[in-house]
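K.L.:
Just need the structure, nothing else, for what follows:
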Amino acid sequence: MIPLVSIIVPVYNVEKYLRQCLESLCNQSLREIEIIAVDDGSTDSSAAILDEFAARDARVYALHLPNRGAGAARNSGLEAAVGKYLYFSDPDDLVHPTYLKRLFSRAEKTSADIVVSDYLTCDLDTGALRRVSVNWGLCNLSRSEGVFSPKDLNWCDAEPFYQLSPIIWHKLFRRAFVVENNLRYQEIRRFNDMCFAYEALCRAQRIALLSGIGYLYFSKRRGSLQNNRSLSGEMIKEVMSELRRRLCACGLFDTFAAAFADLERRNYCQFSSRCNDAPAEPRKIRRGIHRLGEILRSGKRRLREFLRLELAWPGVHSLARNYPDCKTK
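P.N.:
Sure, this is the predicted structure:
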């Protein structure tokens, strides 16, 4: 039987977190899935863990490849996938047991190319959970039942690249849509998902929103590429140059030219606070402002949010506290 969803997981030296991630994927209420775990030349026990799961669950496939980075690993998994839909998970996060079933049902009901949902983040320094809503800022979605195309929206009310996040693990993609448009990940060390996600979002004819949460992302994990400080403005420029090339190649750049210029400016401002070539003082100011914002989120607001999250995902706070690197047990 052809799986309904192919789950692609790039894996590199995540032995401390991998079992929990794979358990959360294997325990999905949607049983008709395949899990393609791509070992990107790990030097710890990650490869052995993948083989262990593959031996006990016929839906798990372990691919062992030389180290080329997460982008290349995701591309290899994409080429091996046969499911009707594609889902990309990181190997050190957790997925709600009903998440893929909800994404799949929403995609089938709306005939969407892409389905997008809210998600949770956990700050490992404090153990705090935060729900991140898909703040699309889009008008008239109620009349289309939460289904839209970026090309059909009034951009006076919504800037496309500001509203359309490049994060991939809170999205489900129709595989035929990905194959038809030859969508691939950029094979670079950082930001390898940005071109894939933005090109997909710009090309999509139907994007559906899904209410509710289903993915728990752990931020500030030691060793995570997202927290690697060896960044540079040149790397960001490389990503933006490739995105421009892709949008030009498919004839969409003129449609999104103004939004692209805004994205280019905002990306450099956002990531320059962690770039090696960013001035020291602006880095301190941005971090100080960010920290102040964290301090202000407290009291009754946190209690209300705690209760809301427990109702949406029972036991999620315990899952976060028991994560290997969480400092607040």
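
K.L.:
which residues sit in contact with Leu309?
P.N.:
Residues in contact with Leu309, defined by Cβ atoms under 8 Å, 6 or more residues apart in numbering, are 120, 129, 131, 213, 316-317. To be clear about C-beta, it is placed using only N, CA and C from the backbone, and glycine gets the same treatment.

K.L.:
Give me the distance between it and Gly212.
P.N.:
Taking Cβ to Cβ, to the nearest Å as the measure, Leu309 falls 11 Å from Gly212.

K.L.:
ok, which stretches of the protein are helices?
P.N.:
Using DSSP state H, the helices found in the chain span residues 15-26, 46-56, 70-80, 99-110, 160-163, 175-180, 194-203, 233-249, 253-271, 280-296, 300-312, 316-321.

K.L.:
returning to that earlier point: can you list the contacts of Leu309 in a markdown table and add neighbour count?
P.N.:
Below are the contacts of Leu309 laid out as a markdown table (neighbours: other Cβ atoms under 10 Å):
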| residue | neighbour count |
| --- | --- |
| Leu120 | 24 |
| Leu129 | 22 |
| Arg131 | 14 |
| Ile213 | 23 |
| Val316 | 20 |
| His317 | 16 |
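
K.L.:
The residue lying closest to Arg184 once chain neighbours are set aside: what's it in contact with?
P.N.:
Distance criterion Cβ to Cβ, 6 or more residues apart in numbering; nearest residue to Arg184, sequence neighbours excluded, is Asn75 at 5.5 Å. Asn75 makes contact with 184-185, 187, according to Cβ under 8 Å, 6+ apart.

K.L.:
Please look at Arg246 and Glu199 and confirm they touch.
P.N.:
Yes. Using Cβ atoms under 8 Å, Arg246 is in contact with Glu199, at 5.0 Å.

K.L.:
Asp125 and Asp90, how far apart?
P.N.:
19 Å.

K.L.:
So for the two, which sits in the more crowded spot?
P.N.:
Between Asp125 and Asp90, Asp90 has the larger neighbour count (other Cβ atoms under 10 Å), namely 24 against 13.

K.L.:
What pLDDT does the model give the residue lying closest to the more buried one once chain neighbours are set aside?
P.N.:
Excluding the flanking residues, the one nearest Asp90 by Cβ to Cβ, 6+ apart is Trp169, at 5.9 Å. Note on Trp169: pLDDT of 95.

K.L.:
how near is Trp169 to Leu252?
P.N.:
24 Å.

K.L.:
Equivalent analysis for Lys16, please.
P.N.:
Plainly put, Lys16 is 41 Å away from Leu252 if you go by Cβ to Cβ.

K.L.:
bridging residues for Val132?
P.N.:
Tyr119 (DSSP bridges).

K.L.:
Hmm, it is touching Asp118, no?
P.N.:
Yes. Counting by Cβ under 8 Å, Val132 sits close enough to Asp118 to count as a contact (6.3 Å).

K.L.:
out of the two, which sits in the more crowded spot?
P.N.:
Asp118 (18 against 15).

K.L.:
contacting residues for that one?
P.N.:
Counted by Cβ under 8 Å, 6+ apart, Asp118 has contacts 131-134, 170, 211-213.
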